[in-house]
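**Student:** Pasted the sequence and its predicted model underneath.
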Amino acid sequence: MAIGEHKSWRELCRAALEAKDPNELLEIVEQLNKALKDEEQVRHDFREAMRANKSPGRSGINNYRRERDEETFQTEGADTPSITEW
């Protein structure tokens with residue numbers, strides 16, 4: 001495998017099975033370890049992004065509803081002080 005060439009973990013596993021030299025096998029295993037860590041990081045980042053999109057107050061619909069609720073509260077309860085007036 002050429003330096004700088006990126007292979008998937010599956011390709012690296014196949015290469016490890018075919019390796020004859022222990023030093024070559026060690027290099028492949030190190031690359032496999034890095035590839036698996038990189039893939040796990042991508043999956044972790046994806047899960048975090050999905051959680052952030054699902055959390056309340058993040059979507060446009062929730063923000064729109066919150067703004068509408070605040071407007072309704074301010075117009076219906078005009079005789080009560082707002083939070084900033086406390």
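**Tutor:** Cool, the structure landed.
**Student:** Longest helix in this structure, by number of residues?
**Tutor:** Of all the segments assigned as helix in the chain under DSSP state H, the longest by residue count is helix 22-54.
**Student:** shaky segments in this structure?
**Tutor:** Along the chain, segments meeting pLDDT under 70 span 1-5, 56-86.
**Student:** May I see the buried residues of the helix or strand containing residue 13?
**Tutor:** Under the assignment given by DSSP states H and E, the secondary-structure element containing residue 13 is helix 9-18. Of all the residues in helix 9-18, those buried under the rule 16 or more other CB atoms under 10 Å are 11, 12, 15, 16. The way it works is simple: take the backbone N, C-alpha and C, and place the C-beta from them, glycine included.
**Student:** before we move on, what about stretch 25-37?
**Tutor:** 28, 31, 32, 35.
**Student:** still on that earlier bit, how much does the helix holding residue 13 deviate in direction from helix 22-54?
**Tutor:** Relative orientation of helix 9-18 and helix 22-54, computed by axes from the mean of the first three to the mean of the last three CA atoms, to 10 degrees: 160 degrees.
**Student:** Which strands and helices lie in contact with helix 9-18?
**Tutor:** Taking 3 or more CB pairs under 8 Å, 6 or more residues apart in numbering; DSSP states H and E as contact, the helices and strands that helix 9-18 lies on are helix 22-54.
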